[in-house]
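Student: Return atomic coordinates for the entry below.
(one chain, ligands or ions: 4)
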Amino acid sequence: MGKQKLILIGNGMAGVRAIEEILKLLPDQFDITVFGKEPYPNYNRIQLSKVLQGDTEISDITINEWEWYEENNIRLYPGETVTTINKKEKFVETDKGRKEEYDYLIIATGSNPFMIPLPGVDKEGVTAFRDIKDCEKMIEYSNKYKRAAVIGGGLLGLEAARGLLNLGMEVDVIHISDYLMERQLDKAAGKLLQKELEAQGMKFLLEKETVEITGKNRVTGLKFKDGGKIPADLVVMAVGIKPNVQLAADNGIEVNRGIVVNDYMETSEANIFAVGECAEHDQMVYGLVAPLYEQGQALAKRICGMNHQGYKGSVLSTQLKVSGVDVFSTGQINETNVTKSIKVFDEWRGTYKKILVEDEKITGAVLFGDTQEGNRLLSLIKQKANIEEYLESESSEDSGESLVASMSDEELICGCNGVTKGTIVEAINAKGLSTVDEVKGATNASRSCGTCKSLVSDLLEHTLGDAFEADQKESICTCTELSRDEVIAEIKEKGLTHTREVMHVLEWKTEEGCSKCKPALNYYLGMVNPTEYEDEKESRFVNERMHANIQNNGTYSVVPRMYGGVTNSDDLRKIADVADKYEVGMIKLTGGQRIDLLGVKKEDLPSVWKDLDMPSGHAYAKSVRTVKTCVGANFCRFGTQDSVGMGIQIEKKFEGLNTPHKVKMGVSACPRNCAEGGVKDVGVIGLDGTWEIHVGGNGGTELRQAELLTKVKTEEEVLEYIGAYLQYYRENAKYLERTSAWVERVGIAHVQEVVEDQFLRNELNERLDEALSVYKEPWNETNNDETVLKDLFEKVHATAISK
Ligand SMILES: Cc1cc2nc3c(=O)[nH]c(=O)nc-3n(C[C@H](O)[C@H](O)[C@H](O)COP(=O)(O)OP(=O)(O)OC[C@H]3O[C@@H](n4cnc5c(N)ncnc54)[C@H](O)[C@@H]3O)c2cc1C
Ligand SMILES: NC(=O)c1ccc[n+]([C@@H]2O[C@H](COP(=O)([O-])OP(=O)(O)OC[C@H]3O[C@@H](n4cnc5c(N)ncnc54)[C@H](O)[C@@H]3O)[C@@H](O)[C@H]2O)c1
Ligand code: SF4
Ligand code: FES
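Tutor: Residues are numbered from 1 along each chain as shown. Ligands and ions are numbered 1, 2, ... in the order given. Presented below is the predicted three-dimensional model:
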């Protein structure tokens, strides 16, 4: 007998997982065809939030690459929509006129975002947040516009809002209820969440009903029922989803809210199944992957003829994916007159926990601030465990035992994929797994939202003890399995000197590398071999290649260096003349005490630099940028030290140093700290006869207060300690890791230990001086290099003319 023909409509998360489950059970039974409306291989929709938030890239969220389809003999038709199901003759037809027969058909068409039918909903600048296209549109808008309004303060709306903030937009969230995420949280947690997100820069308009999206062709704002208005350049609609049932309904398959299915995911029609967000089981439609994957398992067993009890519905749990905010809920959220609750509110730590109990059984939980216990509580609800079981395990945690150690084998580690501690431990021992990625490959744990990664990592450490190499295996990008540390070790050991050579010798999966690894390798090679390595300009980001920051209209900004933020009348005259001569759009003072000439045409850049005859301020570079200073003892009556002189010395010494990310500094002459050293990568504060050096601060989206590194007496010591600290950061941080994240990761105590060691401090400073010795002023260097001038500016000129 030939293979049975199986067709999947919808190349999304639920449908393809069901196919994976089928292949696990009967790899050779079916001749499989997949139709997907979107033009990509199956990708992780969940991670779109992370893409928008800048934590990952679209190229990194593919679940199954094109090769996976080939290897499993699956015919994939991407970018092709099924338009008809002929139940009688058992074939489907697509918008491209293709006709394909089936023995079994799976409908997994997912959901459509719900767009409130407001006047103006069709205007340019209004979008949903559902797929790659929407994500790209928001990123594109953030490059051109400033103000975003997100309608809907649920999971999706808040994740979108966080992403838009990260992209530099101002964000208003308009929510209809009186507290956020009211479908997933109780009021106490919703209010704590609001406070936390407000501290991150989000603004909320609660109990607001939008009645119109204003603007001509393009959106300009929102109008509310109470008469209020706000301006907006981008409107994101995140008010829930509607199961995509049109195809099924049009072709006589029973639908209600979703496509009606039984416990075996069978629809009203023989041999036609439905799975995922489009399916309705026991009057429930689900919008999270965990239940959809459980459905996929039941479907696979049924289609493969295995005996099983079918799908019996799911207990839901949700977790918001916004960094810096931990919030989790599962099961029942609000009290009734038959529930009792355990509530713990720790105002000091900012944590809140509520557990609901009915008839001695846990029925629901809400956690804020510390969500480690989330999946454990979910397991206990699923097992219908007695509350005593939870209370006993809680006291064993107090005894110092780690969370994973105290978990039973039946407890869930990964809620999305339903993977228990027992399954993971068994796989680690049986297959010799030693990394989170390997556990993911073998068990699916951490394959979806990724929030359980730290638990998986803890479990690996707990199971393997010293054999566990936690950090080493985080690869620098998808082109290689090697981690940052491994790549640097190989560069040193094999004496590699060029990015292409690294990729070739270390067997990169892609010949050309990607936008993540190329600039990283260029940095690592230069850091390892500062005097021999020739910087590969083509591997750098565009702003670094152009030595200027590109603006939203294609012009550039030019910031000349002003050591310590001090200028003089000659330089000011030159700047004014240049601004007039090149018709600069705006002259602006920066937060780092510099003068920014905005709106310079690309082809004018070399002449602007020449006429200015000042060094580059490196405002575009992953390098030491500005040292901001307060006026200090020479003028200020509170000043105890010469902060200006100290700042100028620091800036002159470290100018042009390549670093993993930008480095900003501040020097103040008293604890009033007018140069804001508390939110700088390095903040120096002068006290009577002492200098304090603070490090790891950040005043941007990820606010972090700098921590005291050390106190020293002399200006020489200030330079020596900052030098050692910067070099240690250069040698140990990942490329694109700010000092704030790095200090947070390795701990201030560790950095102190290193820089306080006289021997290590000297060695670090020696290597730093070597790196500084090769610095060349970039504007001057470019102007003296005909080839670079031709490459970067003449070609551009030609394009500018042809436009
Ligand atoms: C930004 C974002 C973040 C999320 N975060 C989380 C999270 O943290 N945790 C969680 O559990 N869930 C999360 N979700 C929800 C989760 O992504 C969905 O529940 C899941 O993707 C649904 O899977 P599905 O296969 O049913 O639908 P989809 O993934 O939507 O797949 C359906 C596919 O079918 C295609 N299709 C539709 N009609 C046709 C047709 N006629 N012919 C061919 N193809 C068709 C669609 O184009 C689509 O590609 C998130 C969703 C979004 C948008
Ligand atoms: N971390 C996660 O698990 C995660 C993240 C993103 C998306 N998702 C899933 O994606 C789907 C879509 O998410 P969602 O947040 O859009 O759905 P949702 O139903 O969870 O939330 C929608 C929110 O919009 C609000 N709302 C409804 N009408 C409104 C109006 N007119 N004005 C203002 N607010 C209004 C509701 O009060 C509700 O809180 C859901 O299934 C969700 O579970 C999950
Ligand atoms: S930090 Fe102190 S010394 Fe410096 S300007 Fe402010 S008040 Fe004056
Ligand atoms: S909990 Fe989402 S991937 Fe594990």
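Student: For the residue in the stretch 601-750 of the chain positioned nearest to ligand 4, which residues are in contact?
Tutor: Nearest residue of the stretch 601-750 of the chain to ligand 4: Arg745, at 21.9 Å (CB to the nearest ligand atom). Bear in mind the C-beta positions are built from the backbone N, C-alpha and C, glycine included. Arg745 makes contact with Glu737, according to CB atoms under 8 Å, 6 or more residues apart in numbering.
Student: Could you say which helix or strand holds it?
Tutor: Using DSSP states H and E, Arg745 falls within helix 739-746.
Student: so for that helix, what's the average pLDDT?
Tutor: The pLDDT scores in helix 739-746 average 92.
Student: Next secondary structure element downstream of it?
Tutor: helix 748-756.
Student: Now do that next one: everything it contacts.
Tutor: So helix 748-756 is contacted by 695-696, 707-710, 721, 724-725, 728, 743, 760-761, 764 (CB under 8 Å, 6+ apart).
Student: so can I have JSON lines of those residues showing neighbour count, secondary structure and distance to Ile7?
Tutor: Converted to JSON lines, those look like this (neighbours: other CB atoms under 10 Å; DSSP: H, G, I helix; E, B strand; the rest coil; distance: CB to CB, whole Å):
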{"residue": "Val695", "neighbour count": "29", "secondary structure": "strand", "distance to Ile7": "59"}
{"residue": "Gly696", "neighbour count": "25", "secondary structure": "coil", "distance to Ile7": "55"}
{"residue": "Glu707", "neighbour count": "19", "secondary structure": "strand", "distance to Ile7": "59"}
{"residue": "Leu708", "neighbour count": "13", "secondary structure": "strand", "distance to Ile7": "64"}
{"residue": "Leu709", "neighbour count": "23", "secondary structure": "strand", "distance to Ile7": "63"}
{"residue": "Thr710", "neighbour count": "18", "secondary structure": "strand", "distance to Ile7": "67"}
{"residue": "Tyr721", "neighbour count": "24", "secondary structure": "helix", "distance to Ile7": "67"}
{"residue": "Ala724", "neighbour count": "26", "secondary structure": "helix", "distance to Ile7": "64"}
{"residue": "Tyr725", "neighbour count": "26", "secondary structure": "helix", "distance to Ile7": "61"}
{"residue": "Tyr728", "neighbour count": "21", "secondary structure": "helix", "distance to Ile7": "58"}
{"residue": "Val743", "neighbour count": "25", "secondary structure": "helix", "distance to Ile7": "54"}
{"residue": "Leu760", "neighbour count": "15", "secondary structure": "helix", "distance to Ile7": "64"}
{"residue": "Arg761", "neighbour count": "20", "secondary structure": "helix", "distance to Ile7": "67"}
{"residue": "Leu764", "neighbour count": "24", "secondary structure": "helix", "distance to Ile7": "63"}
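Student: With distance to ligand 3 as new columns, can those be given to me in JSON lines?
Tutor: Compiled in JSON lines, the contacts of helix 748-756 are given as follows (distance: CB to the nearest ligand atom, whole Å):
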{"residue": "Val695", "distance to ligand 3": "18"}
{"residue": "Gly696", "distance to ligand 3": "20"}
{"residue": "Glu707", "distance to ligand 3": "19"}
{"residue": "Leu708", "distance to ligand 3": "17"}
{"residue": "Leu709", "distance to ligand 3": "19"}
{"residue": "Thr710", "distance to ligand 3": "20"}
{"residue": "Tyr721", "distance to ligand 3": "20"}
{"residue": "Ala724", "distance to ligand 3": "25"}
{"residue": "Tyr725", "distance to ligand 3": "22"}
{"residue": "Tyr728", "distance to ligand 3": "28"}
{"residue": "Val743", "distance to ligand 3": "23"}
{"residue": "Leu760", "distance to ligand 3": "32"}
{"residue": "Arg761", "distance to ligand 3": "27"}
{"residue": "Leu764", "distance to ligand 3": "29"}
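Student: Could you tell me which residues of the stretch 351-500 of the chain lie near ligand 1?
Tutor: When proximity is defined as CB under 6 Å from any ligand atom, the stretch 351-500 of the chain approaches ligand 1 at Cys416, Cys449.
Student: so where's the stretch 351-500 of the chain uncertain?
Tutor: 393-402, 466-473 (pLDDT under 70).
Student: Quick check: residues of it near ligand 4?
Tutor: Cys414, Gly415, Cys416, Asn417, Ala445, Ser446, Arg447, Ser448, Cys449, Gly450, Thr451, Cys452.
Student: ok, so of those, who is nearest ligand 1?
Tutor: Closest approach to ligand 1 among those (CB to the nearest ligand atom): Cys449, at 3.9 Å.
Student: Which strand or helix spans that closest one?
Tutor: Cys449 belongs to no helix or strand, assigned by DSSP H and E.
Student: For Pro671, see how far away the closest residue to Ala633 other than its chain neighbours is.
Tutor: Leaving out its chain neighbours, the residue that sits closest to Ala633 by CB to CB, 6 or more residues apart in numbering is Gly639, at 3.5 Å. According to CB to CB, to the nearest Å, Gly639 stands 11 Å off from Pro671.
Student: So for those two, which residue has more residues nearby?
Tutor: More crowded of Gly639 and Pro671, by other CB atoms under 10 Å: Gly639, with 20 against 12.
Student: Settle this for me: the more buried one is touching Val631, isn't it.
Tutor: Yes. Using CB atoms under 8 Å, Gly639 is in contact with Val631, at 7.1 Å.
Student: which neighbours do the two share?
Tutor: Ala669.
Student: on that earlier part again, what comes up buried for the helix holding Arg745?
Tutor: Neighbour-count burial for helix 739-746 flags Thr739, Ser740, Ala741, Trp742, Val743, Glu744, Val746 (criterion: 16 or more other CB atoms under 10 Å).
Student: quick one: secondary structure of the closest residue to Lys662 other than its chain neighbours?
Tutor: In space, Lys662 comes closest to Arg625 once its chain neighbours are excluded; the distance is 5.3 Å by CB to CB, 6+ apart. The three-state label given to Arg625 by DSSP: H, G, I helix; E, B strand; the rest coil is strand.
Student: Please report how far Arg625 lies from Asn568.
Tutor: 21 Å.
Student: Show me which residues of the stretch 601-750 of the chain sit near ligand 3.
Tutor: 630-632, 636, 638-639, 643, 668-670, 672-674.
Student: Just the buried ones from those residues?
Tutor: Using 16+ other CB under 10 Å, the buried ones in those are Cys630, Val631, Gly632, Cys636, Gly639, Ser643, Ser668, Ala669, Cys670, Asn673, Cys674.
Student: Restricted to helices, list the residues you listed.
Tutor: In helices, defined here by DSSP state H, the members of those are Ser643.
Student: Strands - which of the buried ones among the residues of the stretch 601-750 of the chain next to ligand 3 land there?
Tutor: In strands, defined here by DSSP state E, the members of these are Ser668.
Student: picking that back up, farthest-separated two in the buried residues of helix 739-746?
Tutor: Ser740 and Val746 (11.8 Å; CB to CB).
Student: Rebuild the residues of the stretch 351-500 of the chain next to ligand 4 as JSON lines, extending it with secondary structure.
Tutor: Below are those laid out as JSON lines (three-state DSSP):
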{"residue": "Cys414", "secondary structure": "strand"}
{"residue": "Gly415", "secondary structure": "coil"}
{"residue": "Cys416", "secondary structure": "coil"}
{"residue": "Asn417", "secondary structure": "coil"}
{"residue": "Ala445", "secondary structure": "coil"}
{"residue": "Ser446", "secondary structure": "coil"}
{"residue": "Arg447", "secondary structure": "coil"}
{"residue": "Ser448", "secondary structure": "coil"}
{"residue": "Cys449", "secondary structure": "coil"}
{"residue": "Gly450", "secondary structure": "coil"}
{"residue": "Thr451", "secondary structure": "coil"}
{"residue": "Cys452", "secondary structure": "coil"}
